[in-house]
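> Output the structure for:
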Amino acid sequence: MVSERAQDAVKDSVFGGLAVARAAKSSSLADSVRSAFVHGLDVVLVVSGGLGLLGVLLAVVWLPRHVGADTAEPAESEHEAADAV
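Below is the predicted model:
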């Protein structure tokens, strides 16, 4: 059994958890800390990927489909603009 302070360190960060596991010489605690960290990373990656896909879908729906189709004649060159004055 670990103290309340050690439990807080385990809950606070992966480094704190590994330090407590090393001090307690508990390989099962170290494995549990690593497993929880990797699980947290997996959740973050899945959520980030989902948000990225949502962003792409929103861009496809909201952006105009024909960019530049309504443009008029190209702008005059600097020489033509100077001659017109």
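> what is the mean pLDDT for stretch 4-13?
Mean per-residue pLDDT for stretch 4-13: 87.
> now what about it, what contacts it?
Contacts to stretch 4-13, defined as Cβ atoms under 8 Å, 6 or more residues apart in numbering, come from residues 2, 16-17, 19-21, 23-24, 29, 33. In this view, the C-beta of every residue, glycine as well, is placed from N, C-alpha and C.
> Return the members of those classed as buried.
The neighbour-count criterion (16 or more other Cβ atoms under 10 Å) marks 17, 19-21, 29, 33 among the contacts of stretch 4-13 as buried.
> Make JSON lines from the residues you listed and add secondary structure to it.
What follows is those, written out as JSON lines (DSSP: H, G, I helix; E, B strand; the rest coil):
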{"residue": "17", "secondary structure": "helix"}
{"residue": "19", "secondary structure": "helix"}
{"residue": "20", "secondary structure": "helix"}
{"residue": "21", "secondary structure": "helix"}
{"residue": "29", "secondary structure": "helix"}
{"residue": "33", "secondary structure": "helix"}
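> For those, which two are the farthest from each other?
19 and 29 (10.6 Å; Cβ to Cβ).
> Residues in contact with stretch 36-51: which ones?
Stretch 36-51 is contacted by residues 14, 17 when judged by Cβ under 8 Å, 6+ apart.
> At which residues are the helices of the chain located?
For the chain, the helices defined by DSSP state H cover 4-12, 14-24, 27-62, 78-84.
> got a list of contacts for the second one?
Counting by Cβ under 8 Å, 6+ apart, helix 14-24 makes contact with 2, 6, 9-11, 27, 29-30, 33-34, 36-37, all of which sit outside it.
> Tell me, how many residues neighbour residue 14?
The number of residues packed near residue 14 is 14, by other Cβ atoms under 10 Å.
> Tell me the buried residues within the contacts of helix 14-24.
Using 16+ other Cβ under 10 Å, the buried members of these are 6, 9-10, 29-30, 33.
> Tabulate these (JSON lines), appending distance to residue 46.
What follows is the buried ones among the contacts of helix 14-24, written out as JSON lines (distance: Cβ to Cβ, whole Å):
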{"residue": "6", "distance to residue 46": "31"}
{"residue": "9", "distance to residue 46": "28"}
{"residue": "10", "distance to residue 46": "25"}
{"residue": "29", "distance to residue 46": "26"}
{"residue": "30", "distance to residue 46": "25"}
{"residue": "33", "distance to residue 46": "21"}
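> Sounds good, over and out.
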